[in-house]
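> Let's see this in three dimensions:
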Amino acid sequence: MTVHNKVLACFFGALLACLAGNASALNIGDYPELEDLIRVMVEEDGYPEDELRAVIGSATINEKTLELMDRQWEAVPWHKYRNLFINYRRIRNGVEFWNEHEEILNRAEAEYGVPASIIVSIIGVETRYGKYKGNSNVLDSLVSLTAAYPRRSRYFKKELRVFLNLARRERIEPSSVYGSYAGAIGIPQFMPSSYENHSVDFNGNGIRDLVNEVEDAVGSVASYLVNHGWKSGQAIYSDVQGGLPDSALALVGKSAKPQHTVENLIRSGVTFNSGRASQEAALVKLALENGEYRHIIAFHNLYVITRYNNSINYSMAVTELAEEIEQRR
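Take a look at the predicted model:
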């Protein structure tokens, strides 16, 4: 289902402030990635070259965006990251958001099998329950990251391509769109490709509006997780109990991607609650304030949450905030 003009008119015009930071004029010829993108979009997407060069050339390289990419909060130790999101205000506001939208959250949980608490928590972590959707110019952000952020240029070039085609198809001025410094947009902070591929019209009004319609945001978060493999009824994680035995030290990894069978972890002497566990899991650690580590078993569903943001800190913050909100209710 294509995104309706009305959605994108709201979507692209709703946020009006621009990210403060140093910006420089753009000379497309200085950036091979942009030249390559133009070639591909002209040849494969039928985008008129003069028009495309004008759009991309109107962007600026925002140094602030590039700086923020290299000092993301997900890189800080777990004990510091956790405090950013699991606190009284975020929990209280999550309870209020859940109570206000209980009917739509219940329907999403019933239809997709994703707990309402997880949906609420993701929206809470991403945009403080829709109250802060970002104030960065998305065109500038995506052009900057494509042209001047080599480490992830390929990824952002794909997102810029989706974004420009989406805007042209719906006749929206690309420079009018605002979101996060990385180019994510709306209540659930979807990147352009996620908006295109995973958003849903959950209130049935014929449009997919993740900026203004909580119903669509709720359904789209659930849709995103299911499309990335969420398993209804399975556990998300379990703490290792009684300390990690020396026999299991070599099994500790840096990714939540399941790498071991639950049976092998148990045979290696790791003690944890294996109820409702997936067949495979990862063994990971979280940095505590005292220099020690908290070891957890990351089941399949925790890995799915990292498809939203590739960080164990992020996925655990979402999970523990969900637990706190549910308990407070």
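> what pLDDT, on average, does stretch 223-232 get?
On average, the pLDDT along stretch 223-232 is 98.
> now stretch 194-212
So the average pLDDT for stretch 194-212 ends up being 93.
> What residues of it count as buried?
194-196, 198-203, 207-212 (16 or more other Cβ atoms under 10 Å). C-betas here are computed from N, CA, C, even on glycine.
> how distant is that stretch from the center of its chain?
For stretch 194-212, the separation from the chain centroid amounts to 16 Å (computed by Cα atoms, centre = their mean, to the nearest Å).
> just to revisit the earlier point, could you let me know which of the buried residues of stretch 194-212 ends up closest to Trp98?
Using Cβ to Cβ, Phe202 is the member of the buried residues of stretch 194-212 that sits closest to Trp98, with 16.2 Å.
> Can you classify Arg294 by secondary structure?
Classification of Arg294 by DSSP: H, G, I helix; E, B strand; the rest coil places it in strand.
> Against Glu33, how distant is it?
40 Å (Cβ to Cβ, to the nearest Å).
> How about Asn27?
Counting by Cβ to Cβ, the gap from Asn27 to Glu33 is 13 Å.
> between those two, who's got more neighbours?
Between Asn27 and Glu33, counting by other Cβ atoms under 10 Å, Glu33 is the more crowded of the two (19 against 10).
> all helices for the stretch 1-150 of the chain, in order.
Assigned by DSSP state H, counting those that start in this stretch, the stretch 1-150 of the chain shows helices spanning 5-13, 32-44, 49-57, 63-69, 78-85, 88-100, 102-112, 116-127, 138-148.
> how big is the angle separating the second one from helix 49-57?
Comparing the axes of helix 32-44 and helix 49-57 via axes from the mean of the first three to the mean of the last three Cα atoms, to 10 degrees yields an angle of 150 degrees.
> Need the contact partners of helix 32-44.
The contact list for helix 32-44 (Cβ atoms under 8 Å, 6 or more residues apart in numbering) reads 28-29, 47-49, 52-53, 56, 143, 146-147, 153, 157, 160-161, 164-165.
> Could you pull out the buried residues of it?
Buried residues in helix 32-44 (16+ other Cβ under 10 Å): Glu33, Leu34, Leu37, Ile38, Met41, Val42.
> And that helix, how far out from the chain middle?
Counting by Cα atoms, centre = their mean, helix 32-44 comes out at 27 Å from the chain centroid.
> Next, the angle from that helix to helix 138-148.
Taking the same axes, to 10 degrees, one finds that helix 32-44 is oriented at 110 degrees with respect to helix 138-148.
> One more: the fifth one?
Orientation of helix 78-85 against helix 138-148 (the same axes, to 10 degrees) gives an angle of 160 degrees.
> Can I get helix 78-85 as PDB, trimmed to CA atoms?
Output of helix 78-85 as PDB, limited to C-alpha atoms (Å, rounded to 0.1, in the frame of the first residue of the first chain):
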ATOM      1  CA  TRP A  78      24.700  -0.100  30.500                       C
ATOM      2  CA  HIS A  79      24.300   1.400  34.000                       C
ATOM      3  CA  LYS A  80      24.400   5.000  32.500                       C
ATOM      4  CA  TYR A  81      22.300   4.100  29.500                       C
ATOM      5  CA  ARG A  82      19.600   2.500  31.700                       C
ATOM      6  CA  ASN A  83      19.200   5.700  33.800                       C
ATOM      7  CA  LEU A  84      18.300   7.700  30.700                       C
ATOM      8  CA  PHE A  85      15.200   5.700  30.000                       C
END
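> Output the helices of the stretch 1-150 of the chain in TSV, with mean pLDDT and distance to Ile325 appended to each entry.
Formatted as TSV, the helices of the stretch 1-150 of the chain follow (pLDDT from 0 to 100; distance: least, Cβ to Cβ, whole Å):
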stretch	mean pLDDT	distance to Ile325
helix 5-13	44	28
helix 32-44	98	41
helix 49-57	97	42
helix 63-69	93	28
helix 78-85	95	11
helix 88-100	98	4
helix 102-112	98	11
helix 116-127	98	6
helix 138-148	97	30
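> From these, pick the one with the highest average neighbour count.
helix 138-148 (a mean of 27; mean count of other Cβ atoms under 10 Å).
> In this structure Trp230 contacts Glu109, no?
No - if you go by Cβ atoms under 8 Å, Trp230 and Glu109 don't touch, sitting 11.3 Å apart.
> what comes up buried for stretch 251-264?
Applying 16+ other Cβ under 10 Å to stretch 251-264 flags Leu251, Gly253, Ala256, Lys257, Pro258, Gln259, His260, Val262 as buried.
> Count the residues that sit near Tyr31.
Other residues within reach of Tyr31 by the criterion other Cβ under 10 Å amount to 19.
> for the helices of the stretch 1-150 of the chain, which one sits closest to Pro174?
helix 138-148 (4.6 Å).
> elements contacting the very next helix or strand once past the closest one?
Next along the chain after helix 138-148, taking DSSP states H and E as the criterion, comes helix 153-169. Here helix 153-169 touches helix 5-13, helix 32-44, helix 49-57, helix 138-148, helix 192-198, going by 3 or more Cβ pairs under 8 Å, 6 or more residues apart in numbering; DSSP states H and E.
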